[in-house]
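In: Here is my input, please return the structure:
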Amino acid sequence: MAVAVDVGRDDAIDHVLDTVYGRFGDIDILMNNVGVLASGKPEDIPISEWERILNLNLMSAIRAIHQLIPGMIARGHGHIINTASFAGLFPYAWDRLPYVASKAAMIGVSEGLSLYLQPQGVGVTCLCPGPVRTAIGSTIRSWTPGIAPRGPGAQYAVMEPDAVGDLLADAVEANRFFVPTDEQVREPMLRRADNPDLFLTGQIALLAGSPG
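Out: Residues are numbered from 1 along each chain as shown. Take a look at the predicted model:
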């Protein structure tokens, strides 16, 4: 069942829950899967655009989590899935900082929720996609002309949404927390954790040698 709402509004989740509870009863799985992008130099992206993206990408998930975890805790079971991004795992571009901030925050929120909810029987999974064939590119607002989009690297193949769905379903069934769409992402994460300064120096050099 599809319900159209503006997830940027505080009352959006109330409308969805009223509809879902009326038809299906209790909710066993919550998946927060929102992503909008803005492109531009940091000094060009307006504060209002930061607020819009953080509201959609992060606060929509917080609103849903806030409403649903009391019932899951009371029942002693349930599962929350939060969609983050490779962009929150390691830095590979500077032109989408509001998106990066929202997805890095989603990872931190998910980790904290896992500490709190797992002992109470409620699972938490953080999905971190790399390139996936979706329509997110059609929603990008550009604030600086001529910036070429940069991805996490050519080594990461573009995945189909159905394949990501299968990967995620298996992870939820196994109650796994961290679900990247490509295991190769662990390598830059380890290099970053080992020496953050050296990693950033390498990324700066990489960007300096790339087009755009």
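
In: low-confidence ranges in this structure?
Out: 210-212 (pLDDT under 70).

In: Could I get the full set of helices for it?
Out: 12-24, 47-54, 60-75, 97-117, 161-173, 186-194, 196-208 (DSSP state H).

In: Identify the residues contacting the shortest one?
Out: Put plainly, it is helix 47-54. Residues from elsewhere that reach helix 47-54, judged by CB atoms under 8 Å, 6 or more residues apart in numbering: 8, 36-38, 98-99, 101-102, 105, 141, 143. The way it works is simple: take the backbone N, C-alpha and C, and place the C-beta from them, glycine included.

In: which of the residues in it are buried?
Out: For helix 47-54, a neighbour-count test (16 or more other CB atoms under 10 Å) marks 49-50, 52-54 as buried.

In: Quick check: which of the helices of the chain is nearest to Gly151?
Out: Minimum separation from Gly151 across these (CB to CB) falls at helix 196-208, 12.0 Å.

In: could you give the angle of the closest one to helix 186-194?
Out: Using axes from the mean of the first three to the mean of the last three CA atoms, to 10 degrees, one finds that helix 196-208 and helix 186-194 are set 130 degrees apart in direction.

In: which residues make contact with helix 196-208 from outside it?
Out: Applying CB under 8 Å, 6+ apart, the contact partners of helix 196-208 are 90-94, 150, 188, 191-192.

In: can you rerun that using 10 Å?
Out: In this structure, residues lying in contact with helix 196-208 by CB atoms under 10 Å, 6 or more residues apart in numbering are 90-94, 150, 153, 188-193, 195.
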